[in-house]
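Participant: Provided below for reference: sequence and predicted model.
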Amino acid sequence: MKSEDNGAKTAMLMSDQNNRTLTLGLALQCGFTIFLFCSCLTGRSQTTNSFYQFIQDQSERHYTKVPREVLAAYYGWYGPGQGGWLKPNTNTHEIGNTARYPAKGPYSSHDTEVIDWQIDQAKAHGITGFIVSWFGVGPEAAWVNQSLALVLQRAEKKNFKVSVYWEQAPGGGQDQLNRAVGELAYLLKNYGTNSAFLKVDGKPVIFVYGRVLAQVPVTFWPEIIRKARGDAGDFVLFADGYLHSWAYLFDGLHTYGSPPVEENKRRETYARLYGEGVAIAQKHGRMSCVAVGAGYDDRKQNKPGWWVDRLDGKSYRVLWEEAIKANPDWVLISTWNEWPEGTEIEPSLEFGDKYLKITSEYATQFLRTPPVIIPAAVAPPRFTPGTTNRVDRLFAGRRIGVLPGSDFEPRFWLAYCGADVRQLTWADVVDPRQFNFPFVLHAGTDHFSSTVKVPDDVTRALIQYHGRGGFLVIIPTFPWPFLYDDSHGGQPRAISDTLATGVTGWVETHPANALTFHAKTNILFGLRATVPFPKTIGDLRFTPATRTRVPTNDAYVPLVQLKDNTGTVQGDAVVYIEHRAQPLSPGKTIYAWMRTPEAFGSQDFLLSLYQFVSTRLKPLQPISKPQGR
């Protein structure tokens, strides 16, 4: 099912509070967008966007009626000198870094008798396979790599399935990309053909841990996947997390762990998390997997550590019950034997096989349910919401800078829109030769670094960027961007006023007043005119922008406002600012409160916002030369 809105629109931006009128002309000719700004930009490349094309190709991979699996995360790092067991004492049955003592004692992951026993125990209690933690092929990963080979060898004899948890993709640039391709190809060639390796439609399945997704730039994934497929044949990748963008890019969605939740909110929270995650996967024709866990206790390994009470098995039961209700394709148990984090269900002296018996009860029930039938999948968008503008042409041929720590989803849609996305460091920001983009995205937390070499050089660089006509788009993941300065020990040193973002700080909201977002749909095409303020679990601190926080002669245009049930404006959730006052003139800024994308739907919101941004771009002014040169 494809969703393409070809309605042509012409936008006129309303005048601001100072009666400054900003006119946005958008002309459509033969279905192609012609932007009405500096003529020197009209020659930009319209070549095929390989990222966009990869997503189109991926959308043809549709998964339905996938056989049920109950999988458990498995760790093969235990053994002499491997660091898995810290100061084990077989006399006192204590280990220096684990909350409990394994029923088999501090075993070696290369002991085939132990592996056979683990597989037998898992199979007898409804587990169909292990996902073995894997760190690649370097010398430092040799022990774990050998563990994988041994588990596969024993599993093949016992009709048990094995997959891999890809844990790291170190490095940077082309070297990182090449290493990722090489390690995937090695994994598939050496292990993927094993009859025990977990497969879907004949394709080996690999789980990608969140650390890898954080390490690898989003724009690398199409090339990594294409090249690895070319070298070693087709395969399936499960991303760690529930995002629409990951559903477009990967074959399946899962989460590794179970976030800590207060006991009285546990069932409600997991019902929502599992339900939303499975719904996202199924909407895109992807496989879904949810994680259940018995508890957590790493207090002997870390100080002060973290602890989630098992409640004598109640915590585990609640998660299993909600997982089954969500009806995913697979369930992942986190974990079989991560003893230092206290998540294990493997038998211990303290609990015996209590958690295997609970597993058997629910796994048997889950495996008996029929596979999920997904009748259709949503196709990736080809046009921006409410227009006939091809998505992949919005930023075709443009280099767009992304500030450190920026979230995956905004970066994904930049790449999909044709941008050459460049992940920046704070050192890049202070180098005007590097910090030279028509617009820069900040989609990170509330932390930043004001200083690289000399005090406040990052802050000055951001000001100078505006002074050259730069465009800063702020879509943060925390409520107050540029608040905590890591150059000063993470202390609050907000530069929101320095950059004239309009951000005021937190404003008290009262959900009882039926708060509603109101969007200017003649500017942000395709969005719903009104959506309710989020009521889901999460950070609801509203950090609006306001006209009084920017210079009086700046052009300030609210694009989304929050209103109560009397129509009173509670603050501006999204604003567009054209700086007229020095030293920021002639720069531009967009600020969006962190949960606005979620409220409108991140895909529609980001594409609509990027459509608007694309109409306002101008080339940067040259770097000013010092006098006398």
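Facilitator: Good, I have the coordinates. Residues are numbered from 1 along each chain as shown.
Participant: Any stretches of this structure with poor pLDDT?
Facilitator: Confidence mapping of the chain against pLDDT under 70 gives the ranges 1-49, 509-513, 537, 625-629.
Participant: one more time with 80, if that's ok
Facilitator: 1-49, 83, 258-260, 508-513, 535-538, 624-629 (pLDDT under 80).
Participant: Quote the end-to-end distance of stretch 217-236.
Facilitator: 19 Å (Cα to Cα, to the nearest Å).
Participant: How many residues are close by Val531?
Facilitator: 18 (other Cβ atoms under 10 Å). All C-beta spots, glycine's among them, are computed from the backbone N, C-alpha and C.
Participant: Next: Lys65.
Facilitator: The burial count for Lys65: 10, using other Cβ under 10 Å.
Participant: Identify the residue spatially nearest to it, adjacent ones excluded.
Facilitator: Leaving aside its chain neighbours, Lys65 sits nearest to Pro371 (4.3 Å; criterion: Cβ to Cβ, 6 or more residues apart in numbering).
Participant: Name the helix or strand for the one you found, please.
Facilitator: For Pro371, there is no host helix or strand (DSSP states H and E).
Participant: Equivalent analysis for Leu253, please.
Facilitator: strand 252-254.
Participant: Same check on Ala379?
Facilitator: Judged by DSSP H and E, Ala379 forms part of no helix or strand.
Participant: ok, now how distant is it from Gln58?
Facilitator: Look at Ala379 and Gln58: by Cβ to Cβ, to the nearest Å, they are 11 Å apart.
Participant: more crowded one of those two?
Facilitator: For Ala379 versus Gln58, neighbours defined as other Cβ under 10 Å are more numerous around Gln58 (20 against 17).
Participant: quick revisit: contacts for the strand holding Leu253 next, please.
Facilitator: With contacts defined as Cβ atoms under 8 Å, 6 or more residues apart in numbering, strand 252-254 is touched by 63, 205, 207, 236-243, 246-247, 277, 280-281, 286-291, 329-330, 332.
Participant: so what strands line up beside it?
Facilitator: strand 236-240 (parallel), strand 287-292 (parallel) (DSSP bridges).
Participant: So which of these is the most surrounded?
Facilitator: strand 287-292 (a mean of 26; mean count of other Cβ atoms under 10 Å).
Participant: how far does the helix or strand following it sit from the chain's center?
Facilitator: Heading C-terminal from strand 287-292, the first helix or strand you meet, by DSSP H and E, is strand 296-297. Centre-to-centre, strand 296-297 and its host chain are 25 Å apart (Cα atoms, centre = their mean, to the nearest Å).
Participant: other SSEs contacting strand 296-297?
Facilitator: strand 307-308 (3 or more Cβ pairs under 8 Å, 6 or more residues apart in numbering; DSSP states H and E).
Participant: Compute the distance from the centre of the strand it packs on to the centre of its chain.
Facilitator: 25 Å.
Participant: ditto for stretch 237-252
Facilitator: With Cα atoms, centre = their mean, you get 9 Å for stretch 237-252.
Participant: Longest helix in this protein, please.
Facilitator: helix 266-283 (DSSP state H).
Participant: Between strand 287-292 and that helix, find me the angle.
Facilitator: 170 degrees (axes from the mean of the first three to the mean of the last three Cα atoms, to 10 degrees).
Participant: Export helix 266-283 to CSV, keeping only CA atoms.
Facilitator: Taking Å, rounded to 0.1, in the frame of the first residue of the first chain, the C-alpha atoms of helix 266-283 are listed here in CSV:
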residue,chain,number,x,y,z
ARG,A,266,5.5,-2.3,35.0
ARG,A,267,2.6,-4.0,33.3
GLU,A,268,1.2,-0.8,31.8
THR,A,269,4.6,0.3,30.6
TYR,A,270,5.5,-2.9,28.9
ALA,A,271,2.1,-3.4,27.3
ARG,A,272,2.7,0.0,25.6
LEU,A,273,6.3,-0.6,24.7
TYR,A,274,5.7,-4.1,23.3
GLY,A,275,2.5,-3.1,21.5
GLU,A,276,4.1,0.0,19.9
GLY,A,277,7.2,-1.9,18.8
VAL,A,278,5.3,-4.8,17.3
ALA,A,279,2.9,-2.3,15.5
ILE,A,280,5.8,-0.4,13.9
ALA,A,281,7.5,-3.6,12.6
GLN,A,282,4.2,-5.0,11.2
LYS,A,283,3.3,-1.7,9.6
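Participant: Can you give me the buried ones in it?
Facilitator: Buried residues in helix 266-283, counted by 16 or more other Cβ atoms under 10 Å: 266, 269-271, 273-275, 277-278, 280-282.
Participant: Near the residue nearest to Lys65, how many other residues are there?
Facilitator: Applying other Cβ under 10 Å, we find 12 residues neighbouring Pro371.
Participant: Need the strands paired with strand 252-254 in CSV (columns: distance to Val421).
Facilitator: Shown next, in CSV, are those (distance: least, Cβ to Cβ, whole Å):
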stretch, distance to Val421
strand 236-240, 18
strand 287-292, 27
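Participant: so which of those strands comes closest to Lys520?
Facilitator: strand 236-240 (34.1 Å; Cβ to Cβ).
Participant: distance between the closest one and the chain's centre?
Facilitator: The answer for strand 236-240 is 12 Å, by Cα atoms, centre = their mean.
Participant: Next SSE downstream of it?
Facilitator: helix 244-249.
Participant: helices and strands around that following helix, which ones?
Facilitator: Looks like helix 244-249 contacts helix 50-58, helix 266-283, helix 408-416, helix 602-614 (3+ Cβ pairs under 8 Å, 6+ apart).
Participant: and Tyr165, which of the ones you listed is closest to it?
Facilitator: Using Cβ to Cβ, the nearest of the helices and strands packed on helix 244-249 to Tyr165 is helix 266-283, at 18.0 Å.
Participant: which residues in the stretch 101-250 of the chain form strands?
Facilitator: Under the criterion DSSP state E, counting those that start in this stretch, strands of the stretch 101-250 of the chain are mapped to 129-134, 161-166, 199-200, 203-208, 236-240.
Participant: doesn't Lys325 make contact with Ala271?
Facilitator: Yes: contact status for Ala271 versus Lys325: in contact at 6.8 Å, counting by Cβ atoms under 8 Å.
Participant: what residue lies at the spatial centre of this structure?
Facilitator: Phe408 (4.5 Å; Cα atoms, centre = their mean).
Participant: so what's that one up against?
Facilitator: 213, 218, 241, 243, 245-246.
Participant: and what of Gly469?
Facilitator: Gly469 neighbours (Cβ under 8 Å, 6+ apart): 586-588, 618-621.
Participant: could you redo the last one with a cut-off of 10 Å?
Facilitator: 438, 579, 585-588, 617-621 (Cβ atoms under 10 Å, 6 or more residues apart in numbering).
Participant: Now list the buried members of those residues.
Facilitator: 438, 579, 585, 587-588, 617-618, 620.
Participant: Just put those residues in TSV and tack on distance to Tyr101 and secondary structure.
Facilitator: Formatted as TSV, those follow (distance: Cβ to Cβ, whole Å; DSSP: H, G, I helix; E, B strand; the rest coil):
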residue	distance to Tyr101	secondary structure
Pro438	60	coil
His579	64	coil
Ser585	67	coil
Gly587	62	coil
Lys588	61	strand
Leu617	62	coil
Lys618	66	coil
Leu620	63	coil
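Participant: Which single one of those is nearest to Lys123?
Facilitator: Taking these together and measuring to Lys123 by Cβ to Cβ, the closest member is Pro438, at 57.5 Å.
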